[in-house]
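Novice: with the input below, show me the fold.
(chains A and B)
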Amino acid sequence: MKGGDEEVATPAGPPQPLDWKFSKVFGERIAGEEIQEVDIISAIEFDKTGDHLATGDRGGRVVLFERTDAKDHGLSRRDLERTDYPISRHPEFRYKTEFQSHEPEFDYLKSLEIEEKINKIRWCQTANSALFLLSTNDKTIKFWKVQEKKIKKISKIIADPSKAVGNGNVASSSNSNSPKPFPTNGVSPDRSCNHLGNDISFPPGGLPSLCLPVVTSQETNLVARCRRVYGHAHDYHINSISNNSDGETFISADDLRINLWNLEISNQSFNIVDLKPANMEDLTEVITSAEFHPAHCNMLAYSSSKGSIRLIDLRQSALCDSHAKLFEESEAPGSRSFFTEIIASISDIKFAKDGRYILSRDYMTLKLWDINMDSGPVATFQVHEYLRPKLCDLYENDSIFDKFECCLSGDGLRVATGSYSNLFRVFGCAPESTEATTLEATKNPMRRQVQTPSRPSRSLNSITRVVRQETLGVDANGNSLDFTTKLLHLAWHPTENLIACVAANSLYMYYA
Amino acid sequence: MAMINEPLYPIAVLIDELKNEDIQLRLNSIRKLSTIARALGEERTRKELIPFLSENNDDDDEVLLAMAEELGVFIPYVGGVEHANVLLPPLETLCIVEETCVRDKAVESLCRIGAQMREQDLVEFFIPLLKRLAAGEWFTARVSSCGLFHIAYPSAPEALKTELRTLYSQLCQDDMPMVRRSAATNLGKFAATVEAPHLKVDIMSMFDDLTHDDQDSVRLLAVEGCAALGKLLEPQDCIAHILPVIVNFSQDKSWRVRYMVANQLYELCEAVGPEPTRSDLVPAYVRLLRDNEAEVRIAAAGKVTKFCRILNSELAIQNILPCVKELSTDSSQHVRSALASVIMGMAPILGKDATIEQLLPIFLSLLKDEFPDVRLNIISKLDQVNQVIGIDLLSQSLLPAIVELAEDRHWRVRLAIIEYIPLLASQLGVGFFDDKLGALCMQWLKDKVYSIRDAAANNVKRLAEEFGPDWAMQHIVPQVLDMINNPHYLYRMTILHAVSLLAPVMGKDITCSKLLPVVINASKDRVPNIKFNVAKVLQSLIPIVDQSVVEKTIRPCLVELSEDPDVDVRYFATQALQSSDQQMMMSN
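Specialist: Numbers count the residues shown, from 1 in each chain, chains lettered A, B, ... in the order given. The predicted structure follows:
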């Protein structure tokens, strides 16, 4: 089923379920510690190589982590990507740096507070040793460059303003030779360097008394600089940003519109999708998530609150209000209820690495779609089926509107998504796979593991459709579900079996 | 170290500030790099300053950009072309930085230096640098390398030339779309230096790769290369190799590629010659004019005149004109607007008869377009039609269009039409203007929007220039001066402004007899804003009128204003008096 050739070539059964182990936690909570609202992590993303991980939080900060274990292989990055054999050690990450990406703002025209909360982070193409990433809050996207800079200490200074200002010819050679602490120069207000024209004549051999500053200390530190700010283009809250494979453009999506930007141009963007009806009362669906195809620069997908995914082709026309393909599951007759539409709303979509499959998350399920088959998903994984009787309560406390993210493994064989009580679930999506693991974001992830993966019940109309019923009973074990601790954000390492997931202000990593 | 004496001190500061914490000071120092170099002398510039700059590659992008620019003109300061190679290392590091504008500038400077370097130095230093960049680990280096081939190639020995061609062809197939884009952009320049036999084989195969790229953004740039390559090739090769590509591109799946073709097609017509143009490019262009995507039609419509200029009028009438008719009723206002901005230029190409018969109905329908930009675009190019068929045929439809625009509820539209009034006046002649447009010009002086009143005052002046003081005395000045009694002070202010603009055009006699009394009268206004504007206007009138008038009329009025209770009035009156004093001193 998966696009990879080697998968087709091996007739062996489905891959074995993974045995997940705890790797690391950053910002672990001490029992009883109160969580600061600003510390809650709201976005997470691995870069393409998997060497870096970025998180963003409600306080507008971006924290970067770097991989420590792969560095000492002595192989170039390209070679590492080509290695087929698994590296015996599991990936380990350490804190790299952090910076304040967004600050709270106030839109005076609309009398609107703009939160600093980071909604999404996306890594851009790395150049040289510098890292680039895009971060966005509700309104403004920023382009950051994080780079190591040498800290310069200047040990030798030739011009000493204190001597020259009062009485120029008193400045003796012994004084100007002695090292001065940095930076005593450059503060004299009556410097006359601007009067230096090109008409001054110098002796042909130059002036031997001049010398260049000598830089001594070569320590480095990491500096994050905001290179560009892409603002004032969204009337509604930005829910997604996504880079194009062409390396020069990206999209940003809010509730009703998707805009296309050039990374180098921050003062204009092109609207490519506009769902806003002439009369807002006619509004029936909103955009919930959007992502570019990983390889085809002309294709992008966006999901809606009605549970549909639209694939659009930028080649067809400048305004892509008409989709190239629509992925929707026809609802079973007679099952309609008040909640049908709410729980159908897709909270996140992700393309698989090969670009052939799209994973979508709605309130109850994860669905895997083949972009060549728009009649229905190729697989559906039940995540929250056990909550169906409780939908009323969930609606009352607004939990039903929680937006869970989803992710795919780099090899496309597994998918994962979060749930309540800091649980997250990993499913195998290779054919015949029955893998369905529940883990808890604690140091002991298998605590809640319920080892009862039932056989997939095949639906009648399509043998490729797999619907797996889950028996994570609320609580067959008597554990009460905690709707306040929800695991919304998680990311799968692009090349290894490593999941980073967020429980409030803590970042947990698990490997297998 | 010798004593640093006074004249040296500023240079010492400049040098120190190369490493200052404040970016503005660093920038300032970098901009004066040539001064520093001259102070150090050629040898020390080579041995100390340049290595020092090479180390300085992690500075802020603004500083790096300035450095890349300065180094491009640095050859004289390092001791002339025989030492030019010392400039390459710092520029090489700048070719690898992440910021596009710094890299572009570094490449530009390298090209500039390379163009002056001696042949053996190019082989010894420049080409190895190029090869290092082209094989660079980071895509930024490879992107930069593409822009250097056309400098290196002509000086390379035969074996190296083969290597360079191979390198370029690898860059055309790089993993990174950014590199392929750079290769596509620079292909034309490189191709111009390649010998004809290799051009037909190697370059054409690279071109072929680029035209089949998956990435729209690469194919787009390949379109741009078509015209450049087409001009290098023999016509028959161009027809054999480029023409099919262009015809293919004109039917590309991606509208952005078709858009580029629509923009560039007329340039290709010149390269391929008349016959293939007739048989292949005209049909391709007609398809683009009828494209599904409005953006493509906009681009194609905007080039309709340029394209027709290459064709003979018969072909244009036969093939293009029917499409133009369709476009004039296109569903997209932007298409109609693009068409309206160029269509008047077709009149000289088609000649009088065809214009009257075929184009005139289109002009008229565009003049009635619901979208003001379309009408404005037609009016702005009126002179081109006037030369061919005269204005009479149009004037009937023109007037309602102008009046409607003049009264449009969007002030920007009104502003745009005011800008065209002097042009219209010159085309339509005095008679037409007096009858129909004069009243409009006066009406704008009383507009609710300041920008319109301001433009209207300017318009009055431009009309006076166009038709002369005598005409203005009859048709403008009395009407304008009448309005000085308007009860609203803002309108009175507009008139004062108009008067100050009219005075230089009308000359001193009319100014003294007609304009000045009105201004003097206004100095008795009850609104201080009027009074200090009177002071300003009087100041502007002083150079125009005779000294005696200044003494007798202007100065007494200003003296009176300088004792006004309002502080602003006093201020401007005093200013005007001072300037009149200076005037007197100068004339004495």
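Novice: which residues does A:Glu105 form beta bridges with?
Specialist: A:Ile114 (DSSP bridges).
Novice: that one against A:Ile114, yeah?
Specialist: Yes. Using C-beta atoms under 8 Å, A:Glu105 is in contact with A:Ile114, at 4.2 Å. Just so you know, the C-beta spots here come from the backbone N, C-alpha and C atoms, and that holds for glycine as well.
Novice: mutual contacts of those two, please.
Specialist: Common neighbours of A:Glu105 and A:Ile114, using C-beta atoms under 8 Å, 6 or more residues apart in numbering or on different chains, are A:Lys139, A:Thr140.
Novice: report how many residues lie close to B:Asn312.
Specialist: B:Asn312 has 12 neighbours, counted by other C-beta atoms under 10 Å in any protein chain shown.
Novice: if I pick it, what's in contact with it?
Specialist: B:Asn312 neighbours (C-beta under 8 Å, 6+ apart): none.
Novice: rerun that using 10 Å as the cut-off
Specialist: B:Pro274, B:Arg278, B:Gln318, B:Ile349 (C-beta atoms under 10 Å, 6 or more residues apart in numbering or on different chains).
Novice: hang on, the first one packs against B:Asp280?
Specialist: No. When contacts are counted by C-beta atoms under 10 Å, B:Pro274 is not listed as touching B:Asp280 (11.5 Å).
Novice: tell me which of the two has more neighbours.
Specialist: B:Asp280 (19 against 14).
Novice: quick one: pLDDT of the closest residue to chain A within chain B?
Specialist: Using C-beta to the nearest C-beta, the single residue of chain B nearest to chain A is B:Gly41, 2.0 Å away. At B:Gly41, the predicted lDDT confidence score is 89.
Novice: what about it, how many neighbours?
Specialist: Based on other C-beta under 10 Å, the number of other residues close to B:Gly41 is 22.
Novice: and the one 10 residues further on, by the same measure?
Specialist: With neighbours defined by other C-beta under 10 Å, the count for B:Pro51 comes to 14.
Novice: secondary structure element for the nearest residue to it once chain neighbours are set aside, which one?
Specialist: Leaving aside its sequence neighbours, B:Pro51 sits nearest to B:Pro89 (C-beta to C-beta, 6 or more residues apart in numbering or on different chains; 8.0 Å). Here B:Pro89 sits within helix B:88-94, counting by DSSP states H and E.
Novice: okay, buried residues for the helix or strand that that helix is followed by please.
Specialist: Counting by DSSP H and E, the next helix or strand C-terminal to helix B:88-94 is helix B:100-116. Of the residues in helix B:100-116, B:100, B:102-107, B:109-114 count as buried by neighbour count, 16 or more other C-beta atoms under 10 Å in any protein chain shown.
Novice: near chain A too, which of these?
Specialist: Among the buried residues of helix B:100-116, the ones lying near chain A by C-beta under 10 Å from any C-beta of the partner chain are B:Thr100, B:Arg103.
Novice: and the helices in chain A?
Specialist: A:5-9, A:77-82, A:161-166, A:173-177, A:340-344, A:391-396 (DSSP state H).
Novice: got the contact list for the fifth one?
Specialist: Among residues not part of helix A:340-344, those counted as contacts by C-beta under 10 Å, 6+ apart are A:284-285, A:304-308, A:328-329, A:331-332, A:337, A:362-365, A:384, A:387-388, A:391, A:394-395, A:400-401.
Novice: pull out the buried positions in that helix.
Specialist: Buried, per 16+ other C-beta under 10 Å, within helix A:340-344: A:Ile342, A:Ile343, A:Ala344.
Novice: now render those as TSV, adding pLDDT.
Specialist: Output for those, formatted as TSV (pLDDT from 0 to 100):
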residue	pLDDT
A:Ile342	91
A:Ile343	92
A:Ala344	92
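Novice: which of the residues you listed lies closest to chain B?
Specialist: Once C-beta to the nearest C-beta is applied, the member of the buried residues of helix A:340-344 that ends up nearest chain B is A:Ala344, at 32.9 Å.
Novice: burial of residue 231, as a residue count?
Specialist: Picked chain A for this. Neighbour tally, A:Gly231, other C-beta under 10 Å: 13.
Novice: meant chain B actually
Specialist: B:Lys231 has 16 nearby residues by other C-beta under 10 Å.
Novice: name the nearest residue to it, ignoring sequence neighbours.
Specialist: B:Ala271 (5.2 Å).
Novice: buried residues of the helix or strand where the one you found lies, list them for me.
Specialist: Assigned by DSSP H and E, B:Ala271 belongs to helix B:255-272. Across helix B:255-272, burial judged by 16+ other C-beta under 10 Å covers B:255-269, B:271-272.
Novice: over to stretch B:424-443?
Specialist: B:Leu424, B:Ala425, B:Ser426, B:Gln427, B:Leu428, B:Phe432, B:Phe433, B:Lys436, B:Leu437, B:Leu440, B:Cys441, B:Met442.
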